[in-house]
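**Student:** Next input, structure requested:
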Amino acid sequence: MIGAILVAGFVAAMSSVCATLSNFAIAQQLSDIGSDFEPDLPQPLFVRITCYRFVAKVFHRQALFFWILSGSLAVVELLLRTNLL
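**Tutor:** All right, here's what the predicted structure looks like:
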């Protein structure tokens, strides 16, 4: 059970890092443009930013799932060790 908690926590941490890196990539692409997202951007840049946003959302949701899984497993392990479950 401890191994499952550690693996879920590791995957959650790596997913969080990937989401953060994707957000940094978006910020770097938009540094010259400004804070407002304009759909009138050149097509290759618009597609690249849209892909970065999609990847960031996927990794963010994956990280949330694995953080919840890791926390749930930790609570179950704690309950099993205290003989409450």
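
**Student:** how about the CA coordinates for stretch 7-15, as CSV?
**Tutor:** Once non-C-alpha atoms are left out, stretch 7-15 reads as follows in CSV (Å, rounded to 0.1, in the frame of the first residue of the first chain):
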residue,chain,number,x,y,z
VAL,A,7,3.8,6.0,-7.0
ALA,A,8,0.5,8.0,-7.1
GLY,A,9,2.2,10.9,-5.4
PHE,A,10,5.2,10.7,-7.8
VAL,A,11,2.9,10.7,-10.9
ALA,A,12,0.9,13.6,-9.4
ALA,A,13,4.1,15.6,-8.9
MET,A,14,5.3,14.9,-12.4
SER,A,15,1.9,15.8,-13.9
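
**Student:** Low-confidence ranges, this structure, go.
**Tutor:** 31-41, 85 (pLDDT under 70).

**Student:** the helices in the chain, which residues?
**Tutor:** Counting by DSSP state H, the chain has helices at residues 2-29, 43-81.

**Student:** Format these as a markdown table; extra columns: mean neighbour count.
**Tutor:** Placement of C-beta: from N, CA and C, glycine included. Output for those, formatted as a markdown table (neighbours: other Cβ atoms under 10 Å):
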| stretch | mean neighbour count |
| --- | --- |
| helix 2-29 | 15 |
| helix 43-81 | 14 |
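
**Student:** show me the residues around the residue sitting nearest the centre point of the chain that make contact.
**Tutor:** With distances taken as Cα atoms, centre = their mean, H60 lies nearest the centre of the chain, 2.6 Å away. Contacts for H60 were tallied using Cβ atoms under 8 Å, 6 or more residues apart in numbering; they are S15, S16, A19.

**Student:** repeat that for 6 Å
**Tutor:** Residues in contact with H60 (Cβ atoms under 6 Å, 6 or more residues apart in numbering) are A19.
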